[in-house]
Every structure is written in structure tokens, then in C-alpha cells.
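Q: Just the structure for this:
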Amino acid sequence: MEFLVTMTTQVPDGTTEQAVQEMRSREAARAAEQGALWRPPLQPGEWRTLGLFAAADATELEDVLVSMPLRAWRSDAVTALAAHPNDPAGRPGTVAAVPGSEYFTWFTFAIPLDADARSVDDAKAREADRTRELAEEGRLLRLWTLPGDARALGLWSAMDADMLNADLASLPMIDWLEIDLTRLAVHPSDPAQA
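A: Model prediction:
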């Protein structure tokens with residue numbers, strides 16, 4: 001299973017800068033053994049990380065999260081991710097990500113109640129074709145199903161927000177999607193950066 005973990009750290013008042021740096025060093029060493037990490041946009045003084053973790057189940061994930069030094073100062077919000085039929089992971093023909101920034105997209109499908117089943121099936125088939133093309137171009141990196149009704153999470157790579165918006169606009173189901181977008185920054189403890 002894969003999990004998206006939103007990690008929010010609150011350094012206790014009175015903690016010395018040396019103690020903070022020591023904790024961060026230990027966290028970086030432990031994080032190097034884990035999944036991918038990103039920084040969402042942050043407010044001044046805010047420590048927040050988005051992490052992608054693989055674990056057999058929620059109990060194993062908790063064991064991993066507890067083993068990370070910053071857990072002493074951190075709260076975690078865990079979202080279980082499920083396989084999406086259009087996820088490009090492991091699919092032959094995918095290429096490396098395009099250079100630029102990575103983005104998360106949270107999709108909520110809002111298919112009209114009066115839409116006929118044939119039109120919906122056709123749009124879904126064209127959506128699968130288009131997501132495959134975007135993956136082959138290194139633009140769509142991953143796609144998961146989220147808990148709840150008709151929700152998905154995508155990991156994208158784009159030169160800039162205009163390029164990403166053009167990619168999103170090219171999705172056949174765009175008129176039935178509500179999209180929340182988060183630009184991600186490289187996390188200094190991300191294992192891919194090691």
C-alpha cells in the first residue's frame with residue numbers, strides 16, 4: 001500500500017538552534033531510507049512536509065513514522081492511497097519527468113447526474129488514453145484513488161504552471177473535474193536528492 005502523509009512539525013519553545021539542527025540531521029538520515037518527500041508552500045515559521053510512503057498496512061506505516069526523530073515534535077495526517085487504473089507507475093513507455101517543478105493535483109469528479117452512461121464511458125476511455133500520453137511525455141508521474149467518492153490524487157511534472165494548466169485542460173473529463181493544485185518544492189531530506 002501507499003500512503004500520503006502530511007507531517008506538521010512544531011518545535012518546542014526554548015529549543016536551541018543546535019538541538020534543531022541535530023534533530024534535522026537525524027531526521028534526514030532516517031528519511032533517506034523512506035519514500036519521497038516534498039515541501040508544499042509554507043508560511044513563515046511553518047514546518048510541513050508531504051511524504052509518500054509504502055507499507056504493508058497502517059500499522060507498519062505507524063512503525064516507520066514513529067522511528068523518525070522529528071516525530072517527537074510532529075503530528076501526522078495519513079491518507080491511504082489506492083491504485084488508480086490510469087496510474088503510469090511501472091507502465092512500459094514512460095519516460096523521465098520533464099524538467100521543472102512537481103505538482104500535486106487533487107481531483108474531485110463531478111459527473112452530472114443526467115449524463116448518459118455511454119458518454120461517461122467514452123470520456124473515461126479517452127481520459128485513459130490521454131493520461132497514458134501525458135505519462136509517456138514525462139508529465140504525469142503518478143495517479144492514485146483517494147478515499148471517498150470519486151476523488152483522485154495526481155503527481156505531475158511541468159516547466160511551469162501554464163504548462164500544467166494546459167495539460168489539465170487537455171483531459172477529456174476536464175469539464176467534470178474540480179481540481180486543487182499544489183506546487184511542490186524539493187525537500188532537503190528527500191531520498192531522491194541523496
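Q: Break down the protein into its strands, ranges please.
A: 2-9, 36-39, 47-54, 74-83, 101-109, 140-145, 151-158, 177-186 (DSSP state E).
Q: what sits opposite residue 48 in the beta ladder?
A: residue 8 (DSSP bridges).
Q: Count residues in the vicinity of it, would you?
A: 15 (other Cβ atoms under 10 Å). Heads up, the C-betas are built off the backbone N, CA and C, glycines and all.
Q: hmm, back to that, please dump the strands of the chain into TSV; it should also carry mean pLDDT for every row.
A: Shown next, in TSV, are the strands of the chain (pLDDT from 0 to 100):
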stretch	mean pLDDT
strand 2-9	94
strand 36-39	90
strand 47-54	92
strand 74-83	95
strand 101-109	95
strand 140-145	96
strand 151-158	96
strand 177-186	94
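Q: who's in contact with the longest helix along the chain?
A: In the chain, taking DSSP state H as the definition, the longest helix is helix 117-136. The contact list for helix 117-136 (Cβ atoms under 8 Å, 6 or more residues apart in numbering) reads 85-86, 88, 91, 93-95, 111, 140-141, 143, 167, 170-173, 176.
Q: buried sites along it?
A: By 16 or more other Cβ atoms under 10 Å, the buried positions in helix 117-136 come out as 123-124, 127, 130-132, 134-135.
Q: about what we covered before: now the strands of the chain in TSV, with distance to residue 64?
A: Output for the strands of the chain, formatted as TSV (distance: least, Cβ to Cβ, whole Å):
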stretch	distance to residue 64
strand 2-9	9
strand 36-39	13
strand 47-54	6
strand 74-83	10
strand 101-109	21
strand 140-145	19
strand 151-158	20
strand 177-186	21
